[in-house]
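Participant: Pasting a predicted model and its sequence here:
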Amino acid sequence: MFELRSNRAYRDCEGATRREFMKVGTLGLGAMTLPGLLAARAAAAAEGKQVKDTSVVWLWLGGGPTHVETFDPKMSAPVEYRSVTGEVETNVTGLTLGGTLPKIAAVADKMAFVRSFAHTNSGHGGGTHFVMTGYDNRMIDNGGLPTRPSIGSIVSRVRGPNHLQTGMPTYVRLGGIGADGPAFLGTAFAPFDPNGQARRNMSLAVPEDRLDDRKALLADLDRLRDAADNQGLIDGLTKFEQQAFNLVLGSAPKAFDTKDESQKTIDAYGKGLGEQLLRARRLCEAGCGFVTVSYGGWDMHGNIKQAMTQRSPQLDQAVAAFVADCYDRGLSDKVLLVITGEFGRTPKVNRNAGRDHWAPLSTLALSGGGLKMGGAVGESAPKVDVPRSKPIRPQDLMATVFHVLGLDPKMQIVNPAGRPVYMIEDGKPMEELI
């Protein structure tokens, strides 16, 4: 931690060495120093890569959420297939959702519920890798490692690991998800984890009896800059080192703390998942490009009705609050919310009154991002087992996210073998949303 000394110490140059002054440059954001991350961001911009002012909040429902009891209740199906929690009408004519999601139903006009999302891997690890990266990996569930970078790490690679103006990490993890890392892109593009030392290092330790507020802190820096014995110290810092100081002294660290929010807003989001989604919204406002939020507990092999009754309330309240909040704040064009998991659940209820793993029809909903909202995208078959309309694949989801973030869908990145590889090979943005 970098701790400012008294004014006399600065004037007398007692220990005010460059090494001590630059401790702020060793903030633990991944494998690089903060100035190094800022430099990487600038290098990406210098290469002419597009940096669009949009963000994604990726809400992961770990375990494989049921598509039937969430976003496609299919009450016209035989009783052993239809939603065991019934359905609830939304504010979109003719659209219903699972019976435990009444608050999300009230903001359905600001969302899109994809009822034809599908892939081919019904393993927890394999399905997660498929959805998070756009590529299947059959070895993941047998101890294999991720072979492709996650979407968040690709965003970090293209935009640079930190926002050029605010220093905010481009990719932040609020709860880990399998296959959410950089794979062959390298650790510099891994998600920033605010739960570790890196987050604590973003705050200066300033004794209250020496500096009362930020104004006094800045005044001390000015005095240091003017001190005769220290002439050239700050001027000699690289622009990225100066940006590192701007980050620590600026507003970016505050984005991780929700204490400045009104009690009304805090109550609207609720506890647990709500607190994470509120934090995610603040991070996006401060320049973060991709935030993952994990809310597990959806592997419901038995008594799915009771499990949904227990697990849904936080999801229902938090998502509805996030969607309404983003629209109220004018963020609906800037922030895209993606709600998904590794797969859906078997269309037919099993003998334990639950549902098992099922990738051929999976769970997906979106909100915002400047896309067209207000209904269902695609259609499931009569027994809600496969898409009836053209399937939406993981790479189609990936291409849609790229569209929102302004990333080139034809981009290639060199892999460890020295060969350029496409991040998306055959995916297309969902045309109903564009």
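Facilitator: That came in fine, so what should we check first?
Participant: Would you map the strands across the chain?
Facilitator: Counting by DSSP state E, the chain has strands at residues 55-60, 87-89, 96-98, 112-114, 171-174, 290-294, 335-340, 344-345, 357-358, 364-368, 375-377, 412-414, 420-422.
Participant: which one of those lies closest to I140?
Facilitator: Ranking these by proximity to I140 (C-beta to C-beta) places strand 357-358 first, at 14.1 Å. For glycine as for every other residue, the C-beta is placed from the backbone atoms N, C-alpha and C.
Participant: For S153, give its distance to G181.
Facilitator: Separation of S153 from G181 (C-beta to C-beta, to the nearest Å) stands at 6 Å.
Participant: anything in contact with each of those two?
Facilitator: Taking C-beta atoms under 8 Å, 6 or more residues apart in numbering as the criterion, S153 and G181 both touch A190, P191.
Participant: who has more neighbours, the two?
Facilitator: Neighbours per residue (other C-beta atoms under 10 Å) separate S153 from G181, with S153 holding more: 29 against 23.
Participant: What about Q306, how many residues nearby?
Facilitator: Applying other C-beta under 10 Å, we find 14 residues neighbouring Q306.
Participant: Quick one: low-confidence residue ranges for the stretch 51-200 of the chain.
Facilitator: 51, 196-200 (pLDDT under 70).
Participant: in it, which spans are helices?
Facilitator: Ranges of helices in the stretch 51-200 of the chain, per DSSP state H, counting those that start in this stretch, are 67-70, 102-105, 124-133, 151-159, 197-200.
Participant: re earlier: of the strands of the chain, which approaches M300 most closely?
Facilitator: That would be, of the strands of the chain and by C-beta to C-beta, strand 344-345, which comes in at 6.8 Å.
Participant: re earlier: between the helices of the stretch 51-200 of the chain, which gets nearest to L433?
Facilitator: If you check each of those against L433 by C-beta to C-beta, helix 151-159 wins as the nearest, at 16.7 Å.
Participant: Name the residues that touch the closest one?
Facilitator: The contact list for helix 151-159 (C-beta under 8 Å, 6+ apart) reads 41, 44, 49, 51, 56, 58, 132-134, 149, 170-171, 173, 180-183, 185, 189-191, 289-290, 292, 398, 401, 405, 407, 411, 413, 423.
Participant: how does it look with 6 Å?
Facilitator: The contact list for helix 151-159, computed with C-beta atoms under 6 Å, 6 or more residues apart in numbering, reads 49, 51, 170-171, 182, 185, 189, 191, 289-290, 398, 401, 407, 423.
Participant: Likewise for stretch 365-380?
Facilitator: 71-72, 92, 95, 109-116, 323, 326, 332-333, 335-339, 361, 388-389, 392, 404, 432-433.
Participant: With adjacent residues omitted, what lies nearest to the residue nearest the centre of the chain?
Facilitator: Taking C-alpha atoms, centre = their mean, the centroid of the chain lies closest to V291, which sits 1.8 Å from it. Of all residues beyond its chain neighbours, the one nearest V291 is A280 (4.4 Å), with distances taken as C-beta to C-beta, 6 or more residues apart in numbering.
Participant: any idea how far V338 is from that neighbour?
Facilitator: As judged by C-beta to C-beta, A280 and V338 stand 12 Å apart.
Participant: what's the distance between the residue nearest to T96 when sequence neighbours are not counted and M75?
Facilitator: The spatial neighbour of T96 that comes closest, neighbours along the chain excluded (C-beta to C-beta, 6+ apart), is E87 at 4.1 Å. Distance of E87 to M75, given as C-beta to C-beta: 5 Å.
Participant: Looking at these two, which has the bigger crowd around it?
Facilitator: Between E87 and M75, E87 has the larger neighbour count (other C-beta under 10 Å), namely 19 against 13.
Participant: and that one, how far is that from P102?
Facilitator: Taking C-beta to C-beta, one finds E87 at 10 Å from P102.
Participant: Need the helices of the stretch 51-200 of the chain in CSV (columns: distance to V384).
Facilitator: Output for those, formatted as CSV (distance: least, C-beta to C-beta, whole Å):
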stretch, distance to V384
helix 67-70, 6
helix 102-105, 18
helix 124-133, 18
helix 151-159, 27
helix 197-200, 42
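Participant: Does T340 have any beta-bridge partners, and if so which?
Facilitator: W60, L364 (DSSP bridges).
Participant: rewinding a little: would you enumerate the residues in contact with the residue nearest to the centre of the chain?
Facilitator: So V291 contacts V57, V172, A280, L283 (C-beta under 6 Å, 6+ apart).
Participant: now, which of the residues you listed sits nearest Q317?
Facilitator: Comparing the contacts of V291 against Q317 with C-beta to C-beta places A280 closest, at 14.9 Å.
Participant: Isn't that closest one up against W58?
Facilitator: No - using C-beta atoms under 6 Å as the test, A280 is too far from W58 to be in contact (9.1 Å).
Participant: quick one: contacts for G125?
Facilitator: I140, D141, G178.
Participant: By neighbour count, which of the residues you listed wins?
Facilitator: Among the contacts of G125, I140 has the most neighbours (other C-beta under 10 Å), with 22 neighbours.
Participant: avg pLDDT for the longest helix seen in the chain?
Facilitator: Within the chain, and with DSSP state H defining each element, the longest helix by residue count is helix 304-328. Mean pLDDT, helix 304-328: 98.
Participant: from now on call the first residue 516
Facilitator: Okay, using 516 as the starting number, the last item reads as helix 819-843.
Participant: Please enumerate residues in contact with it?
Facilitator: Contacts to helix 819-843, defined as C-beta under 6 Å, 6+ apart, come from residues 584, 599-600, 615-616, 618-619, 622, 625, 783-785, 787-789, 792, 812, 815, 847, 850, 869-870, 882-883.
Participant: Only the buried members of those residues: can you turn that into a ChimeraX selection?
Facilitator: The ChimeraX selection below is limited to those of the contacts of helix 819-843 classed as buried (16 or more other C-beta atoms under 10 Å):
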select :584,599,600,615,616,618,619,622,625,783,784,785,788,789,792,815,847,850,869,870,882,883
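Participant: one step back: check whether the residue nearest to T611 really touches P588, as I assumed.
Facilitator: Yes - counting by C-beta under 6 Å, P588 is a contact partner of E602 at 4.0 Å.
Participant: list the residues that contact both of these two?
Facilitator: Common neighbours of E602 and P588 (C-beta under 6 Å, 6+ apart) are T611.
Participant: Report how many residues lie close to the residue lying closest to V853 once chain neighbours are set aside.
Facilitator: Nearest residue to V853 in three dimensions, chain neighbours excluded: W573, at 5.0 Å (C-beta to C-beta, 6+ apart). Neighbour count for W573, taken as other C-beta under 10 Å: 25.
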